[in-house]
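**Student:** Here is my input; please provide its structure:
(chains A and B)
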Amino acid sequence: MSELVDNALALDKWSLGRLISQFEDTRASAAAMRSDILTELAGRQDSRRATFVGITGPPGVGKSSIIGELATRLIATDETTAVAVLAVDPTSHVSGGALLGDRTRVNFPADELRLFFRSQASERDLGGVGRATFAVCRLMRHLFDYVFIETVGIGQSEIEIQQVADWTYLMVQPLTGDAIQFMKAGVMEIPSAFILNKCDEKTVAQRSYAALSSSLRAFRADGTVPTIHRTSAHTGEGVAEVVAEIAAPDFAPNRPTLRDKELYFLEKWIRDEYGRAGLAFYKEQGADAFLSGDLPTAYEQAQTRFANTFGIQ
Amino acid sequence: MSGTSDKERAEHLLYDDEGESVTDRPWIFRTYAGHTSARASNELFRSNLAKGQVGLSIAFDLPTQCGYSSDADIALPEAGKVGVPINSLDDFHVLFDQIPIERMNTSMTINGTSMWLLALYIALARERGVAEDQLRGTTQNDIVKEYLARGTYIFPPDASARIISEMYEYCLENIPNWNASNICSYHLQEAGATPAQELAYALANALGTLDTIRERGKFTDEQFERCVGRISFFVNSGIRFVEEMCKMRAFTEMWNEITRDRYGVTNPKYRRFRYGVQVNSLGLTEKQPENNAWRILIEALGVTLSRKARCRALQLPTWNEALSLPRAWDQQWSLRLQQILAYETDLLDYPDLFDGSRVVESKVAELKQAARAEIDKILEMGGVRAAIDSGYMKSGLVRSMSERMSRINRGEMVVVGVNKWAEGLPSPLVGGDDGGLFRVDSAAVAEALDTLKATRADRDEDRAQAALTALKAAATSGESMMEASIECALARVTTGEWADTLRGIFGEYRATTGVEGQTLRLDEDRVGALRARIDRYAEQAGHRPRIVVGKPGLDGHSNGAEVIAVAARYTGFDVIYSGIRLTPQEIVTSAVEESADIIGVSILSGSHVELARQVMNQLETAGARDKVPVVFGGIIPETDFEELTAIGIRRIFTPSDYELIDVMERIMTVVEEARG
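**Tutor:** Model (predicted):
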């Protein structure tokens, strides 16, 4: 295992893939392995500390192309920055199978070690991110500098992205009315910033920009308008500004703490695995009964602890 | 001159303007040909012409179609495989050696690089002293069907539309007998289109082309009317030959109506539906391949029987097309079919045989109505471009294809020798030393590489660079790139250089994969069993089986790969499908990053042995050689199975494995075996 971790830290793709699989593994036996890996990683000097950037928006808006541009430019800023993309796609409710991310749209050179792309099925999860997304993020946190989490979003189901990401972009394209749908869905509070993509045509882009900012002003409770970036993946316009925002030292100042995320996803996990009874037991015992200390494996331990106590009960 | 008066005319005879009884001239006989090198193809052309073939139909290899010189990395395994490699004007001089281009009707199956190939042809004429306006022929140049079905596109839609328009604008006055593009419904049927879809998508495509040309405003009204008259079509003809004949009549009537109503074309000559045909390859079978000879004959009838809807040019596939590329003898056999039909039978003696048939009239009306509804839907979406961007047309095709497959699977659609009467005596046609197959001599492409090297060494480098700079300037400024391309051709610029220059300005396009949102109708009992098996695997392995479906190389016929991707998801796999034109390295990187349990590779270009080696080498490099099993599917002759297996390919699927659920079960078996 130690060798696998060594290689993964050196960004060897095969090892990274294997480690991620451990964090997606649904078998009970995999939990112990996950704890070992995280403990190992936490003890390494050369581990990284990732910032998580959520990118959500309707299908066809160009999320993958923009992520491809952003990632490629981020690694060009120095010699060491490593970027991963975690693309979550919906699972078929009938077969359980899924058609996963169009990897080629990010257009990563196949031999670039500092860029990594992984697709994930949502596993019939309605929250917008997959069942294993948070678990994998706990691993990726140590291995990359930036992780883009891409979800297909059309509204309500996207709320969860802000729980796992430190900063969330909502992508829309000019004149499609997508933004209006989001407002109706009441998720306008979510995005930290907007990306208005496909701004190839100036006047249309200008009109959309004006419409979007004025409706945002009306919809946001505090009346503030978040940044709206205007981009074109085709011409590369506006992408540099987004990169600058992400690469800035004070990026995402109000990010949720690791504990916030752990609390949220522990509760979600209990709901998924143990249903209402589990949840009631959890509330009764209080979060502190399970999630305590700041060990790198706090979340995994909480899961084990809960499984044990609730199982015994 | 006292000819027969109208009253005395017999209904069953044909008369000329003078009232003399005549027979029709036959259509143009073509054979789609080209392979290995310019010299080998030239020999083939000349031998075909000597056998009575009338027009040339040139098959280019995939690198030429995708804008790469033969020595580019991605090009090398494909150079000379499915057509002739053309790297520069020097190759064209050899390709047309001793062929009088001023008397040829030359059809080029070329799309992404159509402007370049036309420029080469014009440059050849200029160097030979042939007047440009004597050239006749067609550049296929239909980018819509490339996005939808065939995959040899290069540039994004806007740039492609501009290139096509500029070619029409150049040809109209300079080469009036050149068809700057050929709107293809052929490939739509190959991709699964129903007759109504074929009609609708092709006509909507033609409208898109003409609308763009009109909006550009380079033509006067009179010129535009002539330009409408230059639109020609390339159509498919399938085995349901009565319906196909009706489809052709529907095409003819609808084009007449559309050009009149939408563009106000008054001269009926410019409203005529001009079309060439290649009959269907999709329905040709690998099993009992001799039966294909009958299929081809019947399909030829669909486009020749009705005089009103008779094709202007016909090319036939060969009986062994599902097995390999055709040999010269196979092509001769198909050519003879055309000659017998045109010269031995009395087909050309009669006026239209179906005028007045209530059955035909009603069928045509039904097709027209369905097609019109579909065209309206596309126009409502904003036209053919919008319908491509949104994936609407692609999804429509993929859906039709999977419906077709499931009807075959369930025996609702009879395919003789395949899902019915499958027992047969061994075919003597696949005997003989070559097994009835054509093989490209892999050493022969060396000649193309040598010529390329010589071209680069001998050319006036300053002139070549200046020509490329001028091309870039034209592309950026928006002026026509035709003259600049002709100068590039004369200056011995290479195919790769021409395309790279424009790629640098326009970028490269990636089409939608169209695999979303459709269902397959498979044997539900077996699907249920397989799903249960996959669920069991997921429990034991801790994850669903993950399959990477990839299409390496330049061949863009993605239907097979798409159907597998869809079937895999339907049965419960997690599927990573990334479309076409991937390098073996990209496929392997996908598999490694995604921790795939199996890689499925689809190949129709004949390069399966080289690509198998490359895939396995890449896996080796990634340290995953024995960890991720690889299966291959495509047009792969049985004689290559042994070599592929030795290279490390675990299973090989061919068109005879038509039963999808069977394929999925066997893929799952490989996954289970690999897990041990």
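**Student:** Based on its surroundings, how many neighbours for residue 85?
**Tutor:** Answering for chain A, as no chain was given. 28 (other C-beta atoms under 10 Å in any protein chain shown). The way it works is simple: take the backbone N, C-alpha and C, and place the C-beta from them, glycine included.
**Student:** hmm, I had chain B in mind actually
**Tutor:** Other residues lying near residue B:85 total 32 when counted by other C-beta under 10 Å.
**Student:** ditto for residue A:136
**Tutor:** Neighbour count for residue A:136, taken as other C-beta under 10 Å: 25.
**Student:** quick one: it and residue A:24 touch, right?
**Tutor:** Yes: applying C-beta atoms under 8 Å, one finds residue A:136 in contact with residue A:24, separated by 6.3 Å.
**Student:** which residues are in contact with both of these two?
**Tutor:** Shared contacts of residue A:136 and residue A:24 (C-beta atoms under 8 Å, 6 or more residues apart in numbering or on different chains): residue A:120.
**Student:** the longest helix in chain B is where?
**Tutor:** Using DSSP state H to define each element, chain B has its longest helix at helix B:358-381.
**Student:** That one packs against which elements?
**Tutor:** helix B:195-216, helix B:241-261, helix B:384-389, helix B:392-409 (3 or more C-beta pairs under 8 Å, 6 or more residues apart in numbering or on different chains; DSSP states H and E).
**Student:** tell me, which of those helices is the model least confident about?
**Tutor:** Lowest mean pLDDT of these: helix B:392-409, a mean of 80.
**Student:** Please export the C-alpha coordinates of that one as CSV.
**Tutor:** The C-alpha trace of helix B:392-409 is given here as CSV (Å, rounded to 0.1, in the frame of the first residue of the first chain):
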residue,chain,number,x,y,z
TYR,B,392,-31.2,15.9,-32.2
MET,B,393,-30.3,14.4,-35.6
LYS,B,394,-27.6,12.2,-34.2
SER,B,395,-29.8,10.8,-31.5
GLY,B,396,-32.5,10.1,-34.1
LEU,B,397,-30.1,8.1,-36.2
VAL,B,398,-28.7,6.1,-33.2
ARG,B,399,-32.2,5.4,-32.1
SER,B,400,-33.2,4.1,-35.6
MET,B,401,-30.0,2.0,-35.7
SER,B,402,-30.6,0.4,-32.4
GLU,B,403,-34.2,-0.3,-33.4
ARG,B,404,-33.0,-1.9,-36.6
MET,B,405,-30.6,-4.0,-34.6
SER,B,406,-33.2,-5.1,-32.2
ARG,B,407,-35.6,-6.1,-35.0
ILE,B,408,-32.9,-8.3,-36.4
ASN,B,409,-32.1,-9.7,-33.0
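**Student:** The residue of the stretch 201-350 of chain B found nearest chain A - how many residues pack around it?
**Tutor:** The minimum distance from the stretch 201-350 of chain B to chain A, using C-beta to the nearest C-beta, falls at residue B:215 (15.3 Å). Using other C-beta under 10 Å, residue B:215 is surrounded by 10 other residues.
**Student:** what about it, distance to residue B:475?
**Tutor:** Separation of residue B:215 from residue B:475 (C-beta to C-beta, to the nearest Å): 19 Å.
**Student:** what do you get for residue A:169?
**Tutor:** The value you get for residue A:169 to residue B:475, if C-beta to C-beta is used, is 33 Å.
**Student:** Check residue A:28 too.
**Tutor:** Distance from residue A:28 to residue B:475, by C-beta to C-beta: 61 Å.
**Student:** Look at those two and report which has more neighbours.
**Tutor:** Counting neighbours by other C-beta under 10 Å for residue A:28 and for residue B:475 shows that residue B:475 has the greater number, 21 against 10.
**Student:** quick one, phi psi at that one?
**Tutor:** When read as degrees, to the nearest 10, the backbone of residue B:475 gives phi -60, psi -40.
**Student:** Contacts only, for it.
**Tutor:** B:481, B:501, B:502, B:505, B:506.
**Student:** Please report how far the last one lies from residue A:268.
**Tutor:** Distance, residue B:506 to residue A:268, using C-beta to C-beta: 46 Å.
**Student:** just the first one next, same as before
**Tutor:** Plainly put, residue B:481 is 57 Å away from residue A:268 if you go by C-beta to C-beta.
**Student:** same question, the third one
**Tutor:** Going from residue B:502 to residue A:268 by C-beta to C-beta gives 51 Å.
**Student:** higher neighbour count, those two?
**Tutor:** residue B:502 (25 against 18).
**Student:** can you pull the pLDDT of the nearest residue to the more buried one once chain neighbours are set aside?
**Tutor:** Leaving out its chain neighbours, the residue that sits closest to residue B:502 by C-beta to C-beta, 6 or more residues apart in numbering or on different chains is residue B:475, at 5.8 Å. We have a pLDDT of 95 for residue B:475.
**Student:** Sounds good, over and out.
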